Structures are given as C-alpha cells and as structure tokens.
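Visitor: Here you go, sequence then predicted model.
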Amino acid sequence: MLDFIVADRVPLFGMDVDRFNFAIYIYEEATQVLNCVACRRPHRMEEDADHRSWEPGEGHVGMAYQGKREYIAEDTSKPDARQIFDAPEPKRRPDDLERYRSIASIPIRLGKGDPVGVLVATRDVASRFYLPSERGDPARDPVEPLRVLAREVALIIELTDLYRRVGVDES
C-alpha cells in the first residue's frame, strides 16, 4: 500500500525530489515497543537500514500511539514543534532536523479501539504536512490521504488477523 502513496506522491503531497519517508509502525506487546514493519524512502538502501523502535509516548510515533491522536508538524525547526518532534536524546540522530522537517503521525486503529500502530510520513521540506485550519485553507488537506491509508492499513491488519500475531488485545 505504501507503494501506491509513493507512486502518487507528486499529486498527493507535492513531493518530487524531496527526501521522504512513509513508514508503518506496529505495537508489539511482547517487547512493548512500536517497530517499523514497512517503509518507503527514495532509495532502497535507506529502506533496508535499521529503523528506530519507539516506546509508547516516546517521540512523535510513540506520542501518536499513546495519545490516540495524530501529530502534525508543518516545520519541526520551530521551537514549539521541536519540543514534540525531537527524538529523545539516546535516539536522536545528527541529521534528524534536516531530514524530518515536516511530519505527520497518524494512529492506525481497528474500529474505535486503541491504536495497533502508527502511520508516519516525513519530508525534508517544511510546510508539506499541515492542518488546513492553521492555514485557513479548508479545501486542501495534505494529511487526508494519510488518514485514508491508515484506515486501509487497519482494515488489512484486521482482515489478515495480524493483530493477534503481534499480541494486540482483540477487545
């Protein structure tokens, strides 16, 4: 499913030569962390590299999971956004601010229950992801395709019974 988003990234998000990252993190009960299970980046070598895992409440991935709500940053270099989107010190990397300039983290939910994971989209260009209400542009919502994808991923997880295999409670 991430391949469809990547293929349509120009009309959906205005992404052309930007460095981007689309990733799906699933919460694993046994380890109590969110692990990256799928990722798409401009280069396969980057996709195959090690990915950070996040505890609930840790970084924007863990915060979206624990808070059961989306986190959107138009520009992570702004001080108020940095408080939320900076990785904690042991996981912070020198190029994080340059590489992850605009971020959207969307919880993946089965129905109205607790999230089972988080869909993440990042860009190295500011102002790619934002909330229309903050821009006064209600006709265009650059995060909506990600919300749709998160719902589709949840449906696939439910249909394939993946939530039982990663230890997520059915209730």
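Guide: Here it is on my side, so go on.
Visitor: For the protein, which residue occupies the most central location?
Guide: For the chain, the residue nearest the mean C-alpha position is residue 120 (1.1 Å; CA atoms, centre = their mean).
Visitor: quick check, that residue in a strand?
Guide: Yes. With DSSP: H, G, I helix; E, B strand; the rest coil as the criterion, residue 120 is assigned to a strand.
Visitor: Who is it paired with across the strands?
Guide: residue 23, residue 105 (DSSP bridges).
Visitor: Low-confidence stretches in the protein?
Guide: Within the chain, the ranges that satisfy pLDDT under 70 run 17, 45, 134-139, 161-171.
Visitor: Please enumerate the helices of it.
Guide: Using DSSP state H, the helices found in the chain span residues 2-7, 9-13, 44-48, 59-67, 79-85, 96-99, 132-135, 144-159, 162-165.
Visitor: From residue 159, how far off is the residue nearest to the centre of the chain?
Guide: Applying CB to CB, to the nearest Å, the value for residue 120 to residue 159 is 22 Å. (Each C-beta comes from the backbone N, C-alpha and C, glycine too.)
Visitor: repeat for residue 144
Guide: Residue 144 is 23 Å from residue 159, where distance means CB to CB.
Visitor: Over to residue 3?
Guide: Separation of residue 3 from residue 159 (CB to CB) stands at 19 Å.
Visitor: And residue 145, by the same measure?
Guide: For residue 145 relative to residue 159 (CB to CB), the value is 21 Å.
Visitor: higher neighbour count, the two?
Guide: Shown here are residue 145 and residue 159; by other CB atoms under 10 Å, residue 145 has more neighbours (18 against 8).
Visitor: What is the burial count for the residue nearest to the more buried one when sequence neighbours are not counted?
Guide: Leaving out its chain neighbours, the residue that sits closest to residue 145 by CB to CB, 6 or more residues apart in numbering is residue 12, at 4.9 Å. For residue 12, the neighbour count with other CB under 10 Å is 17.
Visitor: Residue 12 reaches residue 5, doesn't it?
Guide: Yes. The pair residue 12 and residue 5 qualifies as a contact (CB atoms under 8 Å) at a distance of 6.9 Å.
Visitor: related to what we said a few turns ago, quick one, what contacts the residue nearest to the centre of the chain?
Guide: 21, 22, 23, 24, 25, 60, 61, 103, 104, 105, 106 (CB atoms under 8 Å, 6 or more residues apart in numbering).
Visitor: Please name the residues that touch the fourth one.
Guide: Going by CB under 8 Å, 6+ apart, residue 24 touches 2, 36, 37, 38, 39, 108, 117, 118, 119, 120, 153.
Visitor: how close does the first one get to residue 120?
Guide: With distances taken as CB to CB, residue 2 is found 11 Å from residue 120.
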